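**Q** output the structure for:
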Amino acid sequence: MFPLSIGTYVKIIIGGLIVFGAWYNGYSIGYGKLTTYKLEQEAATRAKEAEQQTATDQIRKDKDAQISAINNQLSDALIELRNRPSRASQSTVNGQVTCGNTGASLSAEDSEFLEREASRADQIRVALEACYAQYDAVTK
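**A** This next block holds a predicted model:
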């Protein structure tokens, strides 16, 4: 009924079990190594992320301090500009306001506008520098 002897079938089954056992053992070892590697990489990534976050927080703190200093300078300058004459009280010649070649004779409104624009430009410059610094810190 069976073309081979029963001993041959037993040897084939035992050989198959050995091959399956070797494969499973290799798979288990490989999977264990892969899991260990993934955990090591995750820990290294988290450490680098924490380092980069610390650098980013320091850059943001410095930027906020610089912007606060710019805002304080703006407040001081605006207080000083209140002593200037307004545009309505300046003398006119032929319907035009006369002013000199320097900013010393600008009206209070014009001086205030220019001071605010300069402050805004300084804030944008500081934010851009912080952006560049953060990019450089992350990419190194």
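**Q** and the longest helix for this structure?
**A** Taking DSSP state H as the criterion, the chain has its longest helix at helix 6-81.
**Q** show the average pLDDT along that one.
**A** The predicted model assigns helix 6-81 a mean pLDDT of 93.
**Q** please, which helix or strand holds the residue nearest to Ile70 when sequence neighbours are not counted?
**A** Setting aside the residues directly before and after it, Ile70 is nearest to Asp122 in space (Cβ to Cβ, 6 or more residues apart in numbering), at 4.9 Å. Where you see a C-beta, it was placed from the backbone N, CA and C, and this is true even at glycine. Following DSSP states H and E, one finds Asp122 within helix 108-139.
**Q** which helices and strands sit right next to that helix?
**A** Judged by 3 or more Cβ pairs under 8 Å, 6 or more residues apart in numbering; DSSP states H and E, helix 108-139 is in contact with helix 6-81.
**Q** the inter-axis angle of the helix it packs on versus helix 108-139?
**A** Relative orientation of helix 6-81 versus helix 108-139 (axes from the mean of the first three to the mean of the last three Cα atoms, to 10 degrees): 160 degrees.
**Q** any idea how far Asn72 lies from Glu109?
**A** Distance, Asn72 to Glu109, using Cβ to Cβ, to the nearest Å: 22 Å.
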